[in-house]
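> Give me coordinates for this.
(one chain, ligands or ions: 2)
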Amino acid sequence: MRKPILVTDGFEKLQEIEIPDTGVKMLGLEVAHPQAPKARPYRFPKAETADVAAGVKLGLNIMLTGPTGCGKTSLPTAIAAKLGRPLVRFNMNGETRVAHILGQQRPVAQEGVLTLVFSLGVFAQAMRDGYWVILDEIEAALPSVLFVLQPVLEEGNRSIQIPDTGEVIHAHPEFAIFATGNTLGYRAAARAKYAGTNVLNSAFVDRFGMVIDCAYPSRQEEVERVRVHVPDCDSDYIDGICRTAEELRRDSGFRADFSTRRCIQWARLLAPYANDVLQTAELAFVRKLESPTDAKVAREVIRRIFGYSQGV
Ligand SMILES: Nc1ncnc2c1ncn2[C@@H]1O[C@H](COP(=O)(O)OP(=O)(O)OP(=O)(O)O)[C@@H](O)[C@H]1O
Ligand SMILES: [Mg+2]
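Residues are numbered from 1 along each chain as shown. Ligands and ions are numbered 1, 2, ... in the order given. Below is the predicted model of the structure:
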């Protein structure tokens, strides 16, 4: 027999919890669920948090789009952590199979004999038990997996039939679905940057009642975001890093993305490398750039912003 994930789901004690710095209130668990994400350093963005609150309340499927490292995955994860809500994240790479969604027969030893027993997929369990689910990097999913998910995305009537058992699972009222993607499937120009992504079927996209655009933050906000992750880093360095990010994003000669993740990685390296800006920039991101032109532009911008003479 499959063990239930939980003895009690904890939802009988839902209470309003205020999301810091946003004035947004959402229903959360009085005692954090054991499968709730751990709280990490995070600054809640007001508008996007309010959108998530509205979407969840209305029972909408929420798609978070935007360039790499702008905070798509962190937003629902941080809100779930604050609310103590259980959350599972599916990395929708080519390895995510229908079996992970619906379930599969597994060999189980019963009184010394190996027998095949059906075990419900993690997704179906999450749906039944009211977890929040993040379908991360949705454009990397196999089309077969997306088709299985379509009935689950019927807002107002989310259900799924498990073919092996005939069981129909209806979504728990607290169940919520988020998907993240860099391209929203059909933006060909963006797709050129994100290798390995598929075009999303428009019927699939259509089932998302809300699309939240998570752009990179303003420089001031990005400085604060980096600071919560690397509080001991000198303000002047964080400011220079975020200036570099801002300039490179605007620079038409720089084709790659410059994510908040890169800013944080760079800031973290500074202390162990005695604040050597140029070396840490190479280690943290310049070497990741595929195009020599991007690397050249990045080195020039860093030298200018941090006051190094060119070409030294
Ligand atoms: N609001 C925020 N406050 C603090 N840190 C943040 C915030 N948003 C994002 N970050 C940090 O920025 C980094 C990138 O965020 P995240 O992984 O959520 O981006 P993403 O958009 O999902 O990226 P990808 O498309 O590559 O999956 C993480 O280290 C995260 O902690
Ligand atoms: Mg992500």
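
> Can you get me a residue count around the nearest residue in space to Ser144 that is not next to it in sequence?
Among residues not flanking Ser144 along the chain, Val98 sits closest, at 5.9 Å (CB to CB, 6 or more residues apart in numbering). (Each C-beta comes from the backbone N, C-alpha and C, glycine too.) Neighbour count for Val98, taken as other CB atoms under 10 Å: 17.

> how much space between Val98 and Val148?
To Val148, Val98 is 5 Å away according to CB to CB, to the nearest Å.

> Arg106 too?
Per CB to CB, Arg106 is found 19 Å from Val148.

> Between these two, tell me which one has more neighbours.
Neighbours of Arg106 and Val148, each counted by other CB under 10 Å, are more numerous for Val148; the result is 18 against 12.

> Phi first, then psi, for the more buried one.
With angles defined as degrees, to the nearest 10, Val148 sits at phi -60, psi -30.

> Look up the pLDDT of it for me, please.
For Val148, the model assigns a pLDDT of 90.

> mind listing what the residue nearest to Ser144 touches?
By CB atoms under 8 Å, 6 or more residues apart in numbering, the residues touching Val98 are Ser144, Val145, Val148.

> and the first one, how many residues sit next to it?
Number of residues near Ser144 (other CB under 10 Å) recorded here: 10.

> Contacts only, for the residue most central in space within the chain.
The residue lying closest to the centre of the chain (CA atoms, centre = their mean) is Thr73, at 1.4 Å. For Thr73, the contacting residues are Leu64, Arg89, Ile134, Asp136, Thr180, by CB under 8 Å, 6+ apart.

> Quickly name whichever of those is closest to ligand 1.
The closest of the contacts of Thr73 to ligand 1 turns out to be Thr180 (CB to the nearest ligand atom; 5.6 Å).

> Would you list the phi and psi of the closest residue to the closest one other than its chain neighbours?
Excluding its sequence neighbours, the residue lying closest to Thr180 (CB to CB, 6+ apart) is Lys72, at 4.1 Å. Backbone torsions for Lys72, taken as degrees, to the nearest 10, come to phi -70, psi -50.

> same check, this time on Lys57
According to degrees, to the nearest 10, Lys57 has phi -60, psi -40.

> need the contact list for it.
Going by CB under 8 Å, 6+ apart, Lys57 touches Met26.

> how much space between it and Phe11?
According to CB to CB, Lys57 stands 15 Å off from Phe11.

> likewise Cys214?
Separation of Cys214 from Phe11 (CB to CB) stands at 28 Å.

> Show me which of those two is the more surrounded one.
Legend: neighbour count by other CB under 10 Å for Cys214 and Phe11, higher for Cys214 (19 against 16).

> Look at the closest residue to that one other than its chain neighbours and say how many residues are nearby.
Spatial nearest neighbour of Cys214, chain neighbours left out: Gly66 (3.8 Å); criterion: CB to CB, 6+ apart. Neighbour count of Gly66, defined by other CB under 10 Å: 21.

> So for Gly66, what pLDDT did the model give?
Gly66 carries a pLDDT value of 91.

> Show me what from the stretch 151-300 of the chain comes close to ligand 1.
Thr180, Asn182, Arg225, Val228, Thr260, Arg261, Ile264 (CB under 6 Å from any ligand atom).

> The chain: helices as residue ranges?
With DSSP state H as the criterion, the chain has helices at 46-58, 74-83, 98-101, 122-129, 143-149, 188-193, 202-206, 219-229, 235-250, 260-270, 277-284, 292-305.

> So Gly130 is in contact with His170, correct?
No - in this structure, Gly130 is not within contact of His170 by CB atoms under 8 Å, at 11.3 Å.

> Just want to know which of these two has more residues nearby.
Neighbours per residue (other CB under 10 Å) separate Gly130 from His170, with Gly130 holding more: 19 against 12.

> How about the contacts made by that one?
Going by CB under 8 Å, 6+ apart, Gly130 touches Asp9, Phe11, Pro86, His172, Pro173, Glu174, Phe175.

> Make CSV out of those residues and add distance to Leu248 and pLDDT.
Compiled in CSV, the contacts of Gly130 are given as follows (distance: CB to CB, whole Å; pLDDT from 0 to 100):
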residue, distance to Leu248, pLDDT
Asp9, 46, 70
Phe11, 45, 85
Pro86, 38, 97
His172, 44, 95
Pro173, 45, 93
Glu174, 41, 95
Phe175, 40, 96
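
> between the residues you listed, which is closest to Ala39?
Minimum distance to Ala39 across the contacts of Gly130 is 14.3 Å, recorded for Pro86 (CB to CB).

> how near is the residue nearest to Thr180 to ligand 2?
Using CB to the ion, to the nearest Å, we find Lys72 at a distance of 5 Å from ligand 2.

> one step back: which ones among the contacts of Thr73 also lie next to ligand 2?
Among the contacts of Thr73, none lies close to ligand 2 by the criterion of CB under 5 Å from the ion.

> so Asp51 makes contact with Asp213?
No - counting by CB under 8 Å, Asp51 stays clear of Asp213, with 9.5 Å between them.
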